[in-house]
Structures are given as structure tokens and as C-alpha cells.
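Undergrad: Predicted model and sequence below, questions to follow.
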Amino acid sequence: MGIFSRKNKDDGDPLDGLNTDDDLQVDIYTPQMLTKRLAWDIVPCSEVERLIPLMGLTPDSEEVSEMEHQASHDRVDALAPLKEMLALFIPIVSGITASAMLVNSGNSVDEETAAVLQRHHSVVVRAGVVAILANLLDMGIISYTDGVQFGEQLLG
């Protein structure tokens, strides 16, 4: 599946060579579209419409904006089965990135400042991970394994 492939064929369009199966249905995801989707999934909903023009993107109509808003909630809600795993991984990754940042900067800070930096990293890491996973899941690029619960290992 190509992220930038086409869903419908047009006579004489060179992109039609990408789709060899008449029944193939692939959505088009342009960089601008992906940026807007990720913005909806990362930024609080009330701020997205103000953010989009600041990023140099064309704002959507009110109807499209409402659809994108709901689609974002649907994507993020689909990650509910991963909630416990994300709650486990994100603080660990945030601790590592915050510590690496301090080591690389050569600055030493007190424990309280390091904890604040880790909390800030946690917010950023969580937003990015959730947005990426939600979109990959929505696009069908990744999926859940049937029957696996938190704490179980796959044998095989």
C-alpha cells in the first residue's frame, strides 16, 4: 500500500500506473493532510484551527473541520487497548530523553528541575506517540494481534 497512491483511476493520468488492480482502494495522504491529521491528534481541539494557518496550511471549511475533529477522536479512542502499555513506556522514554538532553548540554540541574524537564518531555512524547500510532492504525499499516492482553507474551 502506498500512502501517496490514488483511489480512483482517470484516463491518461500517469499516477494510474501505481494502481494495477481495479478493485484497489487506497486513500491519498498528502503531507499537508497528514500534518493536519497529526495536529488534530496532538494539539488540544480548541487550538487546532488557530494553529493550522500558523503552520502555513490552508484552513478547512467548518464542515471539514468538524469531520476532522471527530475523526481525530475516533483515531485516538482506537488506542484505548494500548493505554496501559503507553502509561508504562512513556515515562521511561521521557526519563531517558530528558536525562540525555541534560548530559548532552553539559549543564547540571537539581532533582526538581530534572523532574520538571521529564514531565515536559512526557507530554511531548505522549502526544507524538499517540498521534503516530493512531494514524498508522487508522491507515491499516499496523493492527492489534487478536487475543493479546497486557502482560502476555506471544509464543511462537
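TA: Structure received. Keep in mind the model is a prediction, meaning the values are calculated, not measured.

Undergrad: Quick check: closest non-adjacent residue to Leu57.
TA: Distances taken as C-beta to C-beta, 6 or more residues apart in numbering place Gln32 nearest to Leu57, at 5.7 Å, with adjacent residues excluded. The C-beta positions use only the backbone N, C-alpha and C, and glycine is treated the same way.

Undergrad: give me the low-pLDDT residue ranges for the chain?
TA: 1-27, 146-156 (pLDDT under 70).

Undergrad: Look up how far Gly106 lies from the residue nearest to Leu57.
TA: 39 Å (C-beta to C-beta, to the nearest Å).

Undergrad: quick one, which of these two is more surrounded?
TA: More neighbours surround Gln32 than the other of Gln32 and Gly106, with 13 against 6 (other C-beta atoms under 10 Å).

Undergrad: And the strands in the protein?
TA: Using DSSP state E, no strands are found in the chain.

Undergrad: quick check: longest helix of it.
TA: Longest helix in the chain by number of residues (criterion: DSSP state H): helix 111-138.

Undergrad: burial of the closest residue to His121 other than its chain neighbours, as a residue count?
TA: Of all residues not flanking His121 in the chain, Ser94 sits nearest, at 4.0 Å (C-beta to C-beta, 6+ apart). Around Ser94 there are 20 other residues, counting by other C-beta under 10 Å.
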